[in-house]
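Participant: fold the stuff below for me.
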Amino acid sequence: MRVCTTGTFDIPHMGHAVFLQQAAALGDSLRVGVLTDSFVLHYKGITPLFSANERARLLEAAGYNVHFVSDQAAFFRDNADIIVVGSDWAEKNYLKQINMTQHELDRLGVTVAYVPYTKGISTSDIEHRITAGRNPS
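Facilitator: Next up is the predicted model:
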């Protein structure tokens, strides 16, 4: 089974590591889509701290099969049997965010798997730690 996920992966942290390990365990291969700088700017309204090239190199150094993604639907259509997303998206409309429908996923034979969100760590948490000048134990 071909497993795929996408993300910004700006400021790598333990939550990313746990998420990617859980995603990899769901199939035979994991393709990690690093969202391009222009995609992140358009979607989140911010420029990532690290460029897409820097973010991709960090994930490649960790051994992941990395691709640059500016169109999530095309990436998933071409590469996925399973799309993995964090459980923090379970109450949100993830299919709208990736510009796909359940009908399209069913036609392609693609499923969406939610893996548990790692609580207590996020890019926003790290940014807050840096500005507050502290590291919780």
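
Participant: export the helix or strand in which E127 is found as CSV, just CAs?
Facilitator: Assigned by DSSP states H and E, E127 belongs to helix 123-132. Extracted C-alpha coordinates of helix 123-132, given in CSV (Å, rounded to 0.1, in the frame of the first residue of the first chain):
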residue,chain,number,x,y,z
THR,A,123,5.0,24.6,15.6
SER,A,124,2.9,27.2,17.3
ASP,A,125,3.9,25.8,20.7
ILE,A,126,7.6,26.1,19.7
GLU,A,127,7.1,29.7,18.5
HIS,A,128,5.5,30.5,21.8
ARG,A,129,8.4,28.9,23.7
ILE,A,130,10.9,30.9,21.8
THR,A,131,9.1,34.2,22.3
ALA,A,132,8.5,33.4,26.0
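
Participant: could you give the average pLDDT over it?
Facilitator: Mean per-residue pLDDT for helix 123-132: 82.

Participant: ok, now stretch 1-10?
Facilitator: Here the average pLDDT along stretch 1-10 is 96.

Participant: contacts for it?
Facilitator: With contact meaning Cβ atoms under 8 Å, 6 or more residues apart in numbering, stretch 1-10 is reached by 16, 19-20, 23-24, 26-35, 40, 44, 48-50, 55, 58-59, 69, 72, 75-76, 79-85, 98, 123. Where C-beta positions appear, they are placed from N, C-alpha and C, glycine not excepted.
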